[in-house]
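In: what's the 3D shape of this:
(chains A, B, C and D)
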2 protein chains.
Amino acid sequence: MQYFVAVAEELHFGRAAERLGISQPPLSRAIRQLEIRLGTDLLRRTSRHVELTEAGSVLLRESRAALAAVAAAERRTRRVAAQEPVVLVVKAAATGRLVTDLLERHSVQPGAGPVRLEPCGIGEQVRSVRDGRADIAILHLPYDDLTGLDHVELGRESQVMLVAAGHPAASRTSITLAEVDELLLDAPAPRWVDSDGRLPEGPGPVARDHGQLQALVALGQATWLAPESCRELLRPDIAAIPVSDAEPITTVLAWPAHGTSDAVAHLVATATGADTSTSNADGLLPLER
Amino acid sequence: MQYFVAVAEELHFGRAAERLGISQPPLSRAIRQLEIRLGTDLLRRTSRHVELTEAGSVLLRESRAALAAVAAAERRTRRVAAQEPVVLVVKAAATGRLVTDLLERHSVQPGAGPVRLEPCGIGEQVRSVRDGRADIAILHLPYDDLTGLDHVELGRESQVMLVAAGHPAASRTSITLAEVDELLLDAPAPRWVDSDGRLPEGPGPVARDHGQLQALVALGQATWLAPESCRELLRPDIAAIPVSDAEPITTVLAWPAHGTSDAVAHLVATATGADTSTSNADGLLPLER
DNA sequence: GCGATCGATACCCGCAGGGCACTGATCGAG
DNA sequence: CTCGATCAGTGCCCTGCGGGTATCGATCGC
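Out: Now for the predicted structure:
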């Protein structure tokens, strides 16, 4: 599957082989064997061109998911074995009260293990949780894709529009979504590599982290919708305008749906307000279905 | 991973080896190598007893998910390659208007592929979709576990309580949830093997399909909450009592979250009422994020 | 028409992984 | 206490999978 994904992504046997650290002939044979095994062509190839068949594109999607699951299995087992703390990934902009509150409540629970807070690049949290580099994440609905994850709601807050401080609209006390759309024409929303490793199409500038994002906004190159609580953390050259008719952003705690370690269950129990001090079984409830 | 799952489930190297179709010594070595690779013990074993370590139980859960993903990749690719129709799994009790409507609307769409409707055993739909035996399913919230699946809502309907026609309560025109709980003491809800292959604890009788379930209800051995539309399909010796204060059941169309074939996207587009006749890209929207 | 590019084929080799025979530890019956 | 049954681990052998090198053959640009 690794081999196939490499070829399907490069669409070039030579480059794929190089990426995989093997030579080209065995790669050709491996793909051929896979095709025989599955009883179908996966790639249409001439000596000048390689492209995916429909079956191939299905297998590409499925393989990515499967490989992520395998990698997650190895990483999570390693981390549990090394007795590493639970890794909680957060957006840099989301280190507000909700998270500190949660960690504080968790730390006073009897039997609570350590939690390592890990900030991460923009758009990377969901991937981190899916492939096992992290155990649990703070995410924001409706922006993050929760498929494959269980979650509990931590809170809701309204949205604000971030614009450069010098922007004509910067002094306004409120704005509507319709007006937001107009502003986006001038300074479109930034884009970033999503959980599938793809960069969405669009006019927006490309950002890799929240520092870059803020820089783009401050320079008038981009505007951005964010949860209200991010105001505390903004640079002074960015203004935040409340959006009157935007649906509220829901902050959630999310973790892999098939259940993980007791430590994660413990943290989730704290978040839901369950009393974990009485019974371990109770603490596990959110994960055992 | 297959080897480890087999040992972890059997907790016995000999039986696990037999199940895997290999002999015991290579299995012992394979597990040992896995432990070395991961740098941790996965099983505590004496010559009389085998049990999972904490790392082992984490790996067991993760491996099950990973193996299901790999199996799904193979099955789905095979099915697309064989140009098999999209497989839609439904509960036997859920073949009401919603589904027939959907299929009818889909069949008149230009470019709509064939859809194979497949009834399945109780509690098996989610598993079918997750491991690639089916492409898409009709499920009922809040009873089915949608984690790992995307979905669209098809409709809501109220719940009815199913009891034997001869039951004292059978003639009532309405019932409350509190009363339902009392009835459940006499004739508990049936249980079945869930998506993890486990049988939940409880007093209820065990059912494998909806025929058995109805038989149990008709015999007064069980009672059961179901969507209202199932009344059309009930045997005459079962009565359906509307439950006045139950939250409505939401019927949804659900499919694997990471996206699948165009054919599934097409069916989903029909369900959401999108106009797929104008542009294929529009038809794909629900799956491409 | 020629050379460069790139995937496929032919052939060879090392070792991962499986089978068989056996060892050693543990527990229960008598 | 002893003996035998049970069951995981070890040693040894061998097959074949998966990788490498050399080369072929098709295709496209100049």
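
In: Just the pLDDT at residue A:280, thanks.
Out: With respect to pLDDT, residue A:280 scores 34.

In: Please apply the same query to residue A:5.
Out: Confidence score, pLDDT, at residue A:5: 93.

In: Which stretches in the stretch 51-200 of chain A count as helices?
Out: Secondary structure of the stretch 51-200 of chain A (DSSP state H, counting those that start in this stretch): helices at A:54-81, A:97-107, A:125-130, A:177-186.

In: so where's chain A shaky on pLDDT?
Out: By pLDDT under 70, the low-scoring segments of chain A are A:92-96, A:121, A:123, A:194-198, A:259-260, A:274-289.

In: how about the strands in it?
Out: A:43-45, A:50-52, A:86-90, A:115-119, A:136-141, A:149-157, A:159-164, A:224-227, A:238-242, A:249-256 (DSSP state E).

In: The residue sitting nearest the centre point of chain A: what's it in contact with?
Out: Central residue of chain A (C-alpha atoms, centre = their mean): residue A:126, 2.6 Å from the mean position. When the contact criterion is C-beta atoms under 8 Å, 6 or more residues apart in numbering or on different chains, the partners of residue A:126 are A:137, A:139, A:144, A:145, A:146, A:149, A:195, A:254. Every residue, glycine included, has its C-beta placed from N, CA and C.

In: CSV for those residues, including distance to residue B:56 and neighbour count?
Out: Below are the contacts of residue A:126 laid out as CSV (distance: C-beta to C-beta, whole Å; neighbours: other C-beta atoms under 10 Å in any protein chain shown):
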residue, distance to residue B:56, neighbour count
A:137, 25, 29
A:139, 30, 24
A:144, 31, 20
A:145, 31, 18
A:146, 29, 18
A:149, 24, 23
A:195, 29, 21
A:254, 25, 22
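
In: Tell me the residues on the stretch 101-250 of chain A that lie near chain B, please.
Out: Residues of the stretch 101-250 of chain A lying near chain B by C-beta under 8 Å from any C-beta of the partner chain: A:132, A:145, A:147, A:148, A:149, A:150, A:194.

In: same thing but 6 Å
Out: A:147, A:148, A:150 (C-beta under 6 Å from any C-beta of the partner chain).

In: Would you mind giving both backbone torsions of the first one?
Out: Recorded main-chain torsions at residue A:147 are phi -60, psi 140, according to degrees, to the nearest 10.

In: just to revisit the earlier point, dump the helices of the stretch 51-200 of chain A to CSV, plus distance to DNA strand D.
Out: Formatted as CSV, these follow (distance: least, C-beta to the nearest atom of the strand, whole Å):
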stretch, distance to DNA strand D
helix A:54-81, 15
helix A:97-107, 37
helix A:125-130, 25
helix A:177-186, 39
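
In: Kindly reformat those as JSON lines containing distance to residue B:44.
Out: Shown next, in JSON lines, are these (distance: least, C-beta to C-beta, whole Å):
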{"stretch": "helix A:54-81", "distance to residue B:44": "13"}
{"stretch": "helix A:97-107", "distance to residue B:44": "30"}
{"stretch": "helix A:125-130", "distance to residue B:44": "29"}
{"stretch": "helix A:177-186", "distance to residue B:44": "59"}
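
In: So which of those is nearest residue B:57?
Out: Nearest of the helices of the stretch 51-200 of chain A to residue B:57, taken as C-beta to C-beta: helix A:54-81 at 8.8 Å.

In: re earlier: ok, so of the residues of the stretch 101-250 of chain A next to chain B, who is nearest DNA strand C?
Out: Proximity of those to DNA strand C (C-beta to the nearest atom of the strand) peaks at residue A:148, which lies at 28.8 Å.

In: ok, for that closest one, nearest residue in space, not its chain neighbours?
Out: For residue A:148, ignoring the flanking residues on the chain, the nearest one in space by C-beta to C-beta, 6 or more residues apart in numbering or on different chains is residue B:148 at 4.7 Å.

In: which bits of chain A sit near DNA strand D?
Out: Within reach of DNA strand D by C-beta under 7 Å from any atom of the strand, chain A has these residues: A:21, A:22, A:23, A:25, A:26, A:29, A:30, A:33, A:46, A:47, A:48, A:49.

In: Mark which of these are part of helices, please.
Out: Counting by DSSP state H, the residues of chain A next to DNA strand D place A:25, A:26, A:29, A:30, A:33 in helices.

In: So what's the residue count around the residue nearest to the fourth one when sequence neighbours are not counted?
Out: Right, the one you point to is residue A:30. Leaving aside its sequence neighbours, residue A:30 sits nearest to residue A:3 (C-beta to C-beta, 6+ apart; 4.8 Å). When neighbours are defined as other C-beta atoms under 10 Å in any protein chain shown, residue A:3 has 20 of them.

In: Taking the stretch 101-250 of chain A, what residue is nearest to DNA strand D?
Out: residue A:131 (21.8 Å).

In: Kindly report the same for the stretch 51-200 of chain A.
Out: Distances between the stretch 51-200 of chain A and DNA strand D by C-beta to the nearest atom of the strand are smallest at residue A:51, namely 12.3 Å.

In: tally of neighbours for that residue?
Out: Residue A:51: 12 surrounding residues under other C-beta under 10 Å.

In: can you pull the contacts of it?
Out: Shown in contact with residue A:51 (C-beta atoms under 6 Å, 6 or more residues apart in numbering or on different chains): residue A:44.

In: hmm, try it at 7 Å
Out: The contact partners of residue A:51, by C-beta atoms under 7 Å, 6 or more residues apart in numbering or on different chains, come to A:11, A:43, A:44.

In: out of those, who has the most neighbours?
Out: Of all the contacts of residue A:51, the highest neighbour tally under other C-beta under 10 Å goes to residue A:43, namely 19 neighbours.

In: so who does that one touch?
Out: Residue A:43 neighbours (C-beta under 7 Å, 6+ apart): A:7, A:31, A:50, A:51, A:52, A:53, A:56.

In: Out of those residues, who's the most crowded?
Out: residue A:7 (28 neighbours).

In: what sits against that one?
Out: Residues in contact with residue A:7 (C-beta under 7 Å, 6+ apart) are A:13, A:16, A:27, A:31, A:43.

In: so how many other residues sit close to the third one?
Out: Going back to what we said before, that points to residue A:27. 21.

In: contacting residues around it?
Out: Applying C-beta under 7 Å, 6+ apart, we find residue A:27 in contact with A:3, A:7, A:13, A:16, A:17, A:20.

In: switch to 6 Å and redo it
Out: So, once contact is read as C-beta under 6 Å, 6+ apart, residue A:27 ends up touching A:3, A:13, A:17.

In: mind putting those in CSV, distance to residue A:258 included?
Out: Below are the contacts of residue A:27 laid out as CSV (distance: C-beta to C-beta, whole Å):
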residue, distance to residue A:258
A:3, 26
A:13, 35
A:17, 34
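
In: Can you name the residues of the stretch 1-150 of chain A that neighbour DNA strand C?
Out: A:12-14, A:24-25, A:28-29, A:31-32, A:45, A:47-48, A:50.

In: could you redo the last one with a cut-off of 6 Å?
Out: A:12, A:13, A:14, A:25, A:28, A:29, A:32, A:45, A:47, A:50 (C-beta under 6 Å from any atom of the strand).

In: Which members of these are classed as buried?
Out: Buried members of those, scored by 16 or more other C-beta atoms under 10 Å in any protein chain shown, are A:12, A:13, A:28, A:45, A:50.

In: Of the residues of chain A next to DNA strand D, which is the most crowded?
Out: Highest count within the residues of chain A next to DNA strand D by other C-beta under 10 Å belongs to residue A:30, 17 neighbours.

In: Please look at it and residue A:1 and confirm they touch.
Out: No. Counting by C-beta atoms under 6 Å, residue A:1 is not a contact partner of residue A:30; they are 10.1 Å apart.
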